[in-house]
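A.B. asks: what's the 3D shape of this:
(chains A and B)
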Amino acid sequence: MKDAYDVIVVGGGPSGAVAARFAAEGGASVLLIEKRQEVGDPIRCAEGVGTGDLDKYLDIEDRWIAAPIKGATIYVPGAAPIKMRAKDENQIYGYILERKIFDRALVERAAKAGVEVYTKTSATGLIMKDGRVAGVKIKRLGEEKEVMANVVIGADGVESKVGRWGGINTTLKPADIETGVQYLMTGIDIDEDNVEFFMGSEYAPGGYVWIFPKGKGRANVGIGLLGSKIKEGGRPIDFLNRFVESRFPNGKIIEMNYDGVPVSGGIDKIYGAGLMLVGDAAQLSDPITGGGIKHGLWSGELAGRNAAEAVASGDFSEKSMKKYQKAWEEKGGKIMSRDLILKNYYIDMSDEEATKVAQAVEGVDFTGVLDVSQLVKILAKVDKKLLLKLGANQLGL
Amino acid sequence: MTVIINRNKCGYCGACVAVCPTMALDLKEVWIDVDESLCNGCSTCKKVCPIGAIEVQR
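C.D. replies: Numbers count the residues shown, from 1 in each chain, chains lettered A, B, ... in the order given. Sure, this is the predicted structure:
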């Protein structure tokens, strides 16, 4: 490890790996540090991602795809299931990933671009100079070291410290975090190409239960609950155990994952002088789906590109870093604000209201409906409250 | 005041660290570090823990 780099990225998840890669490809010298001894493990994620522009970040490879996804079913108590499916039976619109392999592939891609990578290496603080971030205090195998950099990218996840050290308050309120438990189960009878969601207070008050197939009779079976709705005896693990016991009494749990997902809809400021935050560290995970991979990749790319531009121009001021936030808002801002409205609509909804909405769409054919945008358009036709909350702007997304 | 993490239950997801207003908690590799001198006893960490691995001693 050198004493100075153009850019230091803290955190080796997808957001950090992509940020590091794009910064290096833009000509910057880049250090990527990961506090754990292995990239990608343990996972804290349901591993679902839409196909979309994924191939921009990695060549699509079977080794990190557990299952291709062709449909989704949403179960609301007291109503017929909502079955979303592509018009073309062969169309794959999402993947359930092997995050342990996917995350590594992204870091390998960054390394190929010239990024220096160190695992079992933590950030313990930021070095400030002349009112801006100028480096990172690093601890590697017990030894402390100060490493200088003109740009630091905080990709340190839901538990982010980089932002807080840099003067950005990233502390989450209980109403702005979903916490959850997930079991990787084997020997269960499920649709191998269809994801399932279970809603309602019996399953998951203020959240949902998911079944994401991972091939060969395996699936991620998990739950996320809004922090503010968690009660003693009604924690995510209690609800999940009840669900699993009734639904998959003979299934075996071969892995347990716990997670916290920001659902704040993002923070006001995701940059400072010499500093940018990406992915979960910037709370860019989607507030209604909890999905964070795609937003992490997008924000990582934008931050990495901006870091390289800053290095080329020698301008590391707030104004220079702000270009990243502006680029992010153009890319994901509208989706984030719409999905924050959807989150607030959903968590305030009673079971009776949810049943009524689901009953109202019972005759509707959901073939060809594959994402939140399309689903919301149909739901807003039968639910005036939702229509009012969203307005024409967000419905047009 | 301090936070007691049941390490046999904890799955080091970091949710408690994310909600801690005083930075008393830190997610190391696979454990949570507690800085007792910073803990204000607010118990937000205990509230959001997905598995109930946290006790707060006031």
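
A.B. asks: Residue ranges in chain A under the pLDDT threshold?
C.D. replies: In the predicted model of chain A, residues A:397 satisfy pLDDT under 70.

A.B. asks: So for the residue in it that chain B sits nearest to, what's the nearest residue that isn't a sequence neighbour?
C.D. replies: Closest residue of chain A to chain B, Cβ to the nearest Cβ: residue A:260 (2.9 Å). Heads up, the C-betas are built off the backbone N, CA and C, glycines and all. Counting by Cβ to Cβ, 6 or more residues apart in numbering or on different chains, residue A:260 lies nearest to residue B:15, which is 2.9 Å off, once chain neighbours are set aside.

A.B. asks: What residues does chain B have near chain A?
C.D. replies: B:11-15, B:17-21, B:23, B:26-30, B:44, B:47-52 (Cβ under 8 Å from any Cβ of the partner chain).

A.B. asks: helix or strand for residue A:163, which one?
C.D. replies: If you go by DSSP states H and E, residue A:163 is part of helix A:162-165.

A.B. asks: do residue A:138 as well
C.D. replies: Counting by DSSP H and E, residue A:138 is found in strand A:132-140.

A.B. asks: mind listing what's buried in that strand?
C.D. replies: Buried residues in strand A:132-140, counted by 16 or more other Cβ atoms under 10 Å in any protein chain shown: A:132, A:133, A:134, A:135, A:136, A:138, A:139, A:140.

A.B. asks: how about it, does it reach chain B?
C.D. replies: No - Strand A:132-140 does not reach chain B (Cβ under 8 Å from any Cβ); its nearest approach is 9.8 Å.

A.B. asks: next helix or strand past that strand?
C.D. replies: Downstream of strand A:132-140, the first helix or strand assigned by DSSP H and E is strand A:143-154.

A.B. asks: Quick one: check that following strand for contact with chain B.
C.D. replies: No - using Cβ under 8 Å from any Cβ, strand A:143-154 stays clear of chain B, coming no nearer than 13.3 Å.

A.B. asks: Provide the strand pairings for that strand, with the direction of each partner.
C.D. replies: strand A:4-10 (parallel), strand A:132-140 (antiparallel), strand A:275-277 (parallel) (DSSP bridges).

A.B. asks: Save the ones you listed as TSV, and put in distance to residue B:34 too.
C.D. replies: TSV is the format used below for these (distance: least, Cβ to Cβ, whole Å):
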stretch	distance to residue B:34
strand A:4-10	22
strand A:132-140	18
strand A:275-277	25
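
A.B. asks: can you list contacts of the strand holding residue A:138?
C.D. replies: A:1, A:4, A:8, A:10, A:33, A:118, A:120-129, A:144-152, A:166, A:272-275, A:316-317 (Cβ atoms under 8 Å, 6 or more residues apart in numbering or on different chains).

A.B. asks: now swap in stretch A:188-198 and tell me
C.D. replies: Contacts to stretch A:188-198, defined as Cβ under 8 Å, 6+ apart, come from residues A:48, A:67-75, A:94, A:96, A:204, A:208-213, A:215, A:217-219, A:221, A:243, A:248, A:250-251.

A.B. asks: what's the answer for stretch A:142-149, then?
C.D. replies: Contacts to stretch A:142-149, defined as Cβ under 8 Å, 6+ apart, come from residues A:1-8, A:31, A:124, A:127, A:133-139, A:274.

A.B. asks: and that stretch, how far from the chain's centre?
C.D. replies: When distances are taken as Cα atoms, centre = their mean, to the nearest Å, stretch A:142-149 is centred 29 Å away from the chain's centroid.

A.B. asks: Could you tell me which residues within that stretch count as buried?
C.D. replies: A:147, A:149.

A.B. asks: mind exporting it as CSV, just the C-alpha atoms?
C.D. replies: Provided in CSV are the C-alpha atoms of stretch A:142-149 (Å, rounded to 0.1, in the frame of the first residue of the first chain):
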residue,chain,number,x,y,z
GLY,A,142,-3.8,-4.2,13.6
GLU,A,143,-1.4,-1.7,12.1
GLU,A,144,-2.5,1.9,11.7
LYS,A,145,-1.5,4.0,8.7
GLU,A,146,-2.5,7.4,7.3
VAL,A,147,-3.0,7.3,3.5
MET,A,148,-3.6,10.6,1.7
ALA,A,149,-6.1,11.1,-1.2
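
A.B. asks: if we can go back for a sec, drop anything exposed from the contacts of strand A:132-140.
C.D. replies: A:8, A:10, A:33, A:118, A:121-123, A:126-128, A:147, A:149-152, A:166, A:272-275, A:316.

A.B. asks: tell me the contacts of residue 21?
C.D. replies: Looking at chain A here, since you left the chain open. Residue A:21 touches A:106, A:109, A:110, A:113, A:115, A:304, counting by Cβ under 8 Å, 6+ apart.

A.B. asks: meant chain B actually
C.D. replies: Contacts of residue B:21 (Cβ under 8 Å, 6+ apart): A:171, B:40, B:42, B:44.

A.B. asks: in terms of contact, does the last one touch residue A:176 like I think?
C.D. replies: No - in this structure, residue B:44 sits apart from residue A:176 without contact. The criterion is Cβ atoms under 8 Å, and the distance is 11.4 Å.

A.B. asks: Contact distance from chain B - what residues of chain A qualify?
C.D. replies: When proximity is defined as Cβ under 8 Å from any Cβ, chain A approaches chain B at A:35-37, A:42, A:44, A:120, A:122, A:157-161, A:164, A:170-174, A:177, A:179-181, A:225, A:227, A:230, A:232, A:235-237, A:256-260, A:262.

A.B. asks: Can you tell me which of the residues you listed end up in strands?
C.D. replies: A:122, A:177, A:179, A:180, A:181, A:225, A:256, A:257, A:258, A:259, A:260, A:262 (DSSP state E).
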